[in-house]
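Q: whatever this is, show me its structure:
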Amino acid sequence: KFCIFTVKVASLAKINKKIKKQKETWEKNIEFRMGCNFSAACSCLWRTASGAVHAVSFLADGLKVLSASDDNSVNLWDIATSAKLGVFAEHSDYVRTACTSRFNSSLFLTGSYDHSVRIFDAREGKAILTVDHGHPVESVLLLPSEGIFISAGGRYVKVWDTTLGGRLLSCIRGHHKTVTKLALNGAGNRLLVSSLDRHVKVYDTTNYKIVHSFDFPASVLSAADDATLAVGMTNGILTVRRQKTEKVSKVGGTEKKVQKLRHRSGLRSRINRKTFASNKVNISVSESVGFVVIDHRFSLLLSMDLMFPQPHTSIELQVSIMQELIRRGKLESALAGRNDEQLTVLLNLLIMHIFDARFTNVLVTVAEKLIDIYSPSLGTSSVVDERIVKLLHLMQLEVKYQENMMEILGMMDTLFAATVSKEIEVVGDNSGAVDSTF
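A: From the prediction side, this is the model:
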């Protein structure tokens, strides 16, 4: 943990020269380390020629490590001897992603900014399959069957078939900005795709249709998989979301209570009160669950109405929606994770009506929360930046107007107080004169 350097050179010039030479050596050698844990000492150390290392992965046998770096090369290392087993330099630009086979210890997949995805066989020492993604490749993924691999780059995610010589099976166009990361869930039937458009979208691997989407307040750089979703964003925030599990409790064999109700739409049936009997599992349902679900859905509907107002929606109704979201404590979640178009609509509304005395209190609260959420991401859109600057200027003017109004109210209070005191004196004098006559 401690390094002690003993310097026996008297000349300071020689010391500076030695330090400069050592610094040049460090700049030429980019290294990556492997250790048992964060507190343990480094057990293996490999150095590449130049360029940062962006992808490291173990091969299937656990005896070799693959590294991909910005020197356009892919290196294969032996863990036991720390020897370099091979260099694969077929890419012509930065190699930013790599993926190894789960079963074949010689097979691995790489993606590069030269728009190509290559499958290498370490035994042959060269690529056995190359496809053109069409954009700089940010992430690659090999499905468990290993007959299909997926590449992500630009705004597109492409699915390829290895058995048919790299035939394109599907192209997913579900994002508005660059896709940054691909991941699979534990069962391998869901594909998670993260992007700089602040979304993590979940696709079904059977038909590659979207089944769910997560919104985040900043651009997503990386996303993990399965029940716990860990997402890293460009503003330095790490968000961890856990999948909610339904609580099921067994109850005694109660009889099913069914009450039939007739509605205008026809005959419907529902289960009354708390419990019902089943051959497999009996579930106890809380009476408040329905109200919680309805409340949650209503908050979501309010959020949608806030972000996607209809052309005929009045400003009174929109401000009422904002006020209801503030009361429910859902304003921050309604404002977060919005794209530039939605932000522009909301900012235009605030700019137009923030001086309206009927809505100032609510709109100022919304504006403050909006600026707090999106201030770290300023600079990504010139249109949004321009409107936020204008909104800040208007809020400063509003503060000045309020200060001036308070000063005017103070002066008016003084005048009213003086007028009232004079009226009291006049009334007192008149009452005294009347008493004297009587």
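Q: all strands of the stretch 251-400 of the chain, in order?
A: Assigned by DSSP state E, counting those that start in this stretch, the stretch 251-400 of the chain shows strands spanning 258-263, 266-271.
Q: any idea of the mean pLDDT for the last one?
A: Averaging pLDDT along strand 266-271 yields 38.
Q: and residue 66, what does it touch?
A: When contacts are counted by CB atoms under 8 Å, 6 or more residues apart in numbering, residue 66 touches 55-59, 74-77, 98, 100, 108. Every C-beta, even on glycine, is put in place using the N, C-alpha and C of the backbone.
Q: buried only: go through these for me.
A: Neighbour-count burial (16 or more other CB atoms under 10 Å) is assigned, among the contacts of residue 66, to 55-56, 59, 74-77, 98, 100, 108.
Q: in helices, which of those appear?
A: Of those, none are assigned to helices by DSSP state H.
Q: can I get the residues you listed in CSV including pLDDT and distance to residue 156?
A: As requested, these are exported to CSV (pLDDT from 0 to 100; distance: CB to CB, whole Å):
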residue, pLDDT, distance to residue 156
55, 86, 20
56, 88, 26
59, 89, 29
74, 90, 23
75, 88, 29
76, 89, 29
77, 88, 32
98, 92, 20
100, 90, 24
108, 92, 23
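Q: is it possible to get TSV of those that adds distance to residue 360?
A: What follows is those, written out as TSV (distance: CB to CB, whole Å):
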residue	distance to residue 360
55	53
56	55
59	64
74	60
75	62
76	65
77	64
98	55
100	59
108	61
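Q: filter those down to the ones in strands?
A: Among the buried ones among the contacts of residue 66, the members falling in strands (DSSP state E) are 55-56, 74-77, 98, 100, 108.
Q: and the residues you listed, which is closest to residue 215?
A: Nearest to residue 215 out of these is residue 55 (CB to CB; 27.7 Å).
Q: ranges for the helices of this structure?
A: Along the chain, the segments classed as helices by DSSP H run 12-28, 287-307, 315-328, 331-335, 340-353, 360-374, 382-437.
Q: buried set for the fourth one?
A: For helix 331-335, burial by neighbour count (16+ other CB under 10 Å) applies to 331, 334-335.
Q: nearest to residue 391 among the residues you listed?
A: Distance to residue 391 across those (CB to CB) is lowest for residue 335, with 13.4 Å.
Q: wait, that closest one touches residue 373, no?
A: Yes: if you go by CB atoms under 8 Å, residue 335 and residue 373 touch, sitting 5.7 Å apart.
Q: between the two, what contacts are shared?
A: By CB under 8 Å, 6+ apart, residue 335 and residue 373 have no common neighbours.
Q: and residue 140, what's its pLDDT?
A: Reported pLDDT for residue 140: 93.
Q: same check, this time on residue 111
A: pLDDT, residue 111: 93.
Q: next, count neighbours for it.
A: Residue 111 has 30 neighbours, counted by other CB atoms under 10 Å.
Q: with residue 365 instead?
A: Neighbours of residue 365 (other CB under 10 Å): 14.
Q: kindly report the same for the one 5 residues further on.
A: Neighbour count for residue 370, taken as other CB under 10 Å: 21.
Q: does residue 184 touch residue 142 like I think?
A: No: Residue 184 lies out of contact with residue 142 (CB under 8 Å); the separation is 9.5 Å.
Q: adding distance to residue 89, write the ones in strands among the buried ones among the contacts of residue 66 out as TSV.
A: As requested, those are arranged in TSV below (distance: CB to CB, whole Å):
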residue	distance to residue 89
55	15
56	18
74	8
75	9
76	12
77	15
98	14
100	18
108	15
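Q: which of those residues sits closest to residue 411?
A: Residue 411 lies nearest to residue 55 out of those, by CB to CB, at 70.0 Å.
Q: thought residue 68 was touching that closest one, still the case?
A: Yes: counting by CB under 8 Å, residue 55 touches residue 68, with 4.1 Å between them.
Q: now do the shared contacts for those two.
A: Residues within reach of residue 55 and of residue 68 at once, by CB under 8 Å, 6+ apart, are 95-98, 110.
Q: most neighbours of all these, which one?
A: residue 95 (30 neighbours).
Q: now that residue, nearest residue through space, not along the chain?
A: Spatial nearest neighbour of residue 95, excluding adjacent residues (CB to CB, 6 or more residues apart in numbering): residue 68 at 4.0 Å.
Q: residues in contact with the one you found?
A: Residues near residue 68 by CB under 8 Å, 6+ apart: 53-56, 74-75, 95-98, 110.
Q: okay if I get the residues you listed as JSON lines plus distance to residue 215?
A: As requested, the contacts of residue 68 are exported to JSON lines (distance: CB to CB, whole Å):
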{"residue": "53", "distance to residue 215": "32"}
{"residue": "54", "distance to residue 215": "27"}
{"residue": "55", "distance to residue 215": "28"}
{"residue": "56", "distance to residue 215": "31"}
{"residue": "74", "distance to residue 215": "35"}
{"residue": "75", "distance to residue 215": "38"}
{"residue": "95", "distance to residue 215": "31"}
{"residue": "96", "distance to residue 215": "26"}
{"residue": "97", "distance to residue 215": "25"}
{"residue": "98", "distance to residue 215": "29"}
{"residue": "110", "distance to residue 215": "31"}
